[in-house]
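**Q** Generate coordinates for the sequence data below:
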Amino acid sequence: MYITDALSVDDDEITLSAIRAQGPGGQNVNKVATAIHLRFDIHASSLPDYLKERLLSLNDQRISKDGLVIIKAQQGRSQEQSREEALRRLQQLILGVTTLPKTCLLYTSDAADDLLCV
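**A** Next up is the predicted model:
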């Protein structure tokens, strides 16, 4: 799975399983497994160590204490749509830790307080 030009995740590291979607959905809701459970083990992944640490330090309910990312996608009307949505969410989660947040420094002077973000 493509993350950035310099970063990707091998498809073998991602486990996808089809499940039945919850809630109202018409005639197929109890017959067709259109929702997708995505599982991604951060510790066993090929991601660089610094990205693993950043992912594990996130306060995100999708990441278990064991370092397992679990994403449930059920918005799509088909299994393929739900699969694409789950993969997109994982991609966004990983992409979010690839860039460092801006650090702001407060400089005080006689005239006024200045805030410098780098």
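**Q** which residues are in contact with stretch 61-80?
**A** 18-19, 21-23, 32-43, 52, 55-56, 81-86, 89-90, 93 (Cβ atoms under 8 Å, 6 or more residues apart in numbering). Quick note: C-beta positions are derived from backbone N, CA and C, even for glycine.
**Q** can we see that at 7 Å?
**A** Residues outside stretch 61-80 that contact it (Cβ atoms under 7 Å, 6 or more residues apart in numbering): 18, 21-22, 33-43, 55-56, 82, 85-86, 89-90, 93.
**Q** tell me which residues in it are buried?
**A** 63, 69, 71, 72, 73, 74, 76, 79 (16 or more other Cβ atoms under 10 Å).
**Q** remind me, longest helix of this protein?
**A** Longest helix in the chain, counting residues (DSSP state H): helix 79-96.
**Q** From the chain's centroid, how far away is it?
**A** Distance of helix 79-96 from the chain centroid (Cα atoms, centre = their mean, to the nearest Å) equals 7 Å.
**Q** tell me the helices in this structure, going along the chain?
**A** Going by DSSP H, the chain shows helices at 49-57, 79-96.
**Q** can you count the residues close to residue 21?
**A** Residues lying near residue 21 (other Cβ atoms under 10 Å) number 23.
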